[in-house]
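Participant: Fold the following for me, if possible:
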Amino acid sequence: MITIAACSGAAAVLGSTADCAAAPSGKLMDMLPQGFSSTNCQEKDPVEGSLERVMCGQSTDPGGPSYGVFLLYGSGSDLATEFRQGPGRSGYAVASSCPGGGASPGTWSYRNSNQTAGQVECGTSVEGNYAVIWTDNAKLRLAVVEGKDSASLYQWWRDKG
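Facilitator: The predicted model follows:
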């Protein structure tokens, strides 16, 4: 007898390596930066290794990003792996520095703390848009935002990301 399990409308033999990700919980939608919400963002099926994915159009914040994608991970290890491998796999060219001379890739901290809060890198998308890609270790979140102006996008990230 073969036991099967339903996985998002498909079936997989139990004991196989099928990936039956749970439906999004909405947790990620609740932790989006200023300018992103359910009015300009949609939950999408998670990508491999992530728990949730939210894709967003133009930020409602003046001077905010023109595009954003946010991913939620189940562990710090998964988050770190995706930060190392994901941007290149997704077609982003990583720059050697961010505006103001910050290292790319590098680490970042909250303004009032010396403790590393995550990693950040700057680059460009295949469409030629400037991109800031960062992780938030406490939230287990990876984010990518894009815009036309590198300095203003980077400043938006420093202020609100």
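Participant: ok, now which ones touch Phe70?
Facilitator: Leu28, Met31, Leu32, Phe36, Cys41, Arg53, Val54, Cys56, Arg141, Leu142, Ala143, Val144 (CB atoms under 8 Å, 6 or more residues apart in numbering). Every residue, glycine included, has its C-beta placed from N, CA and C.
Participant: If you could redo that for Ser113, that was the one I meant.
Facilitator: By CB under 8 Å, 6+ apart, Ser113 has no neighbours at all.
Participant: Check Pro99 too.
Facilitator: Going by CB under 8 Å, 6+ apart, the list of residues near Pro99 reads Cys122, Ser150, Ala151, Tyr154, Gln155.
Participant: Could you list the low-confidence segments of this structure?
Facilitator: 1-24 (pLDDT under 70).
Participant: Please name every helix or strand in contact with the top strand by length along it.
Facilitator: Using DSSP state E, we find that the single longest strand of the chain is strand 116-124. Counting contacts by 3 or more CB pairs under 8 Å, 6 or more residues apart in numbering; DSSP states H and E, strand 116-124 is packed against helix 76-89, strand 93-94, strand 106-109, strand 130-136, helix 150-160.
Participant: mind running it again at 7 Å?
Facilitator: Here strand 116-124 touches helix 76-89, strand 93-94, strand 106-109, strand 130-136, going by 3 or more CB pairs under 7 Å, 6 or more residues apart in numbering; DSSP states H and E.
Participant: Next, name the residue at the spatial heart of the protein.
Facilitator: In the chain, the centroid-proximal residue (CA atoms, centre = their mean) is Ala143; its distance is 2.5 Å.
Participant: what's the offset of the helix or strand harbouring it from the middle of its chain?
Facilitator: Using DSSP states H and E, Ala143 falls within strand 141-147. Relative to the chain's own centre, strand 141-147 is displaced by 5 Å; criterion: CA atoms, centre = their mean, to the nearest Å.
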